[in-house]
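# need a 3D model of the sequence below.
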Amino acid sequence: MNFRTSLAVFFTAVAFSATTAADKVEPLKGLLITGGCCHDYENQKRIITEGLSQRVNIVWDVVHEGGSGKDHKVSVYGDTGWAKKYDVIFHNECFGGVTDDKFVESIAAAHHEGVPAIFVHCSLHSYRNAAVGADAWRELIGVTSRSHEAKRSVKAITVNGEHPVMTGFPAEWQSPNGELYKIEKVWPNCIPLAEAYGEDTKKNHIVIWLNTFGKARIFGTSLGHHNETMNNEVWLDLVSRGLLWSVDRLQPNGKPLPGFEGSGVKPIVIETVDASKPTPDPKFSNPAKKQK
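Residues are numbered from 1 along each chain as shown. Here you go, the predicted structure:
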């Protein structure tokens, strides 16, 4: 065997070894918390889990409860160590009427220890009627918002296009539909990535951002009221990169680390939790069939 042949064999072996290592990567485990008033959460939970799993190597548990009410306290938040079971928590809930400070503070505390989170749209307005507890929630998210402008398409303007999370995101993106959240306060660890001009308030409001809270990385966007915005390649690509950044699996070029690419196959949703039923232990629950 000559030198050139030996070199070719060596690089083939290295490539095979890298591929094998990538194949052995365990998928990320995500928990989607959803439910509450004012949004189509039944369809949005499918858009989020299926859309992100096509782009990221992740499987999901889904907690969807509370009906269309505003004052429901999500059951899983009462479980000891609930967040530590997951690599990332996706908050897409809308429970603005909850006023239990200790309950709200406990959610933030669970993330403070290092469990990453994604915050979308009405999760910003959740728990806004709590007093002290709401500040912990807002500091966790990175921005404070209590209200929104009239429903209309939102033009997101990139303000930090160099960040890997914004790779491929347009300099300007007109959302298919929208609802601009008024940002009252930007917390110290928040990094704005995109803004939109408020026609009612006559000023810019952050619509995409990053945050750190204790040991946790946070990605947030207020865009996502309507299904047609969520079920859009630009939105899904953006949130996928945000998720990967939050779990430190995003490369500087905006691509997933090897092994964390999405398969293109719709994900396995372990279980959708009904608030009227006891929360099942995942170890003893039957996996749901793949969505077709």
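# the closest residue to residue 182 other than its chain neighbours: neighbouring residues, count only.
Spatially, and ignoring its direct neighbours in sequence, residue 182 is nearest to residue 147 (5.2 Å; Cβ to Cβ, 6 or more residues apart in numbering). Using the backbone N, CA and C atoms, a C-beta is placed for each residue, glycine as well. Residues near residue 147, counting by other Cβ atoms under 10 Å, number 11.
# quick check: the gap between residue 147 and residue 122.
Going from residue 147 to residue 122 by Cβ to Cβ, to the nearest Å gives 12 Å.
# which residues of this protein fall in helices?
Per DSSP state H, the chain carries helices over the ranges 3-23, 41-53, 101-112, 132-141, 227-230, 233-246.
# looking at it, residue 37 is touching residue 94, isn't it?
Yes. Using Cβ atoms under 8 Å, residue 37 is in contact with residue 94, at 5.2 Å.
# now do the shared contacts for those two.
residue 70 (Cβ atoms under 8 Å, 6 or more residues apart in numbering).
# neighbour count for the two, which is higher?
Shown here are residue 37 and residue 94; by other Cβ under 10 Å, residue 94 has more neighbours (23 against 19).
# show me the contacts for the more buried one.
35-39, 41, 70, 122-123, 125-126.
# so how do I select the buried members of those in ChimeraX?
Filtering the contacts of residue 94 down to the buried ones (16 or more other Cβ atoms under 10 Å) takes a single ChimeraX command:
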select :35,36,37,39,41,70,122,123,125,126
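# narrow the contacts of residue 94 to those in strands?
Mapping these onto strands (DSSP state E) picks out 35-36.
# show me which of the contacts of residue 94 is closest to residue 105.
residue 126 (13.5 Å; Cβ to Cβ).
# hmm, that closest one is touching residue 98, no?
Yes. With contact defined as Cβ under 8 Å, residue 126 and residue 98 form a contacting pair (7.3 Å).
# so where's this protein uncertain?
Scanning the chain for pLDDT under 70 picks out 1-23, 133, 265-292.
# the longest strand along it: which residues count as buried?
Using DSSP E to define each element, the chain has its longest strand at strand 203-213. By neighbour count with 16+ other Cβ under 10 Å, strand 203-213 contains the buried residues 205-213.
# now swap in stretch 237-252 and tell me
So for stretch 237-252, counting by 16+ other Cβ under 10 Å, buried means 237-247, 249-250.
# output those residues in TSV; the columns should cover distance to residue 116.
Rendered in TSV, the data for these read as follows (distance: Cβ to Cβ, whole Å):
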residue	distance to residue 116
237	18
238	16
239	13
240	14
241	13
242	10
243	8
244	10
245	9
246	4
247	5
249	10
250	12
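# any idea which of those is the one closest to residue 47?
residue 239 (10.3 Å).
# test my guess that that closest one contacts residue 121.
No. Assessed by Cβ under 8 Å, residue 239 is found out of contact with residue 121, at 11.1 Å.
# any common contacting residues for the two?
With Cβ under 8 Å, 6+ apart as the test, residue 239 and residue 121 both reach residue 221.
# centroid residue for the protein?
residue 118 (3.0 Å; Cα atoms, centre = their mean).
# you'd agree that residue is up against residue 242?
Yes. With contact defined as Cβ under 8 Å, residue 118 counts as touching residue 242 (6.4 Å).
# intersection of neighbour lists for these two?
219-220.
# my guess is residue 168 contacts residue 255, does it?
No. Using Cβ under 8 Å, residue 168 is not in contact with residue 255, being 10.0 Å away.
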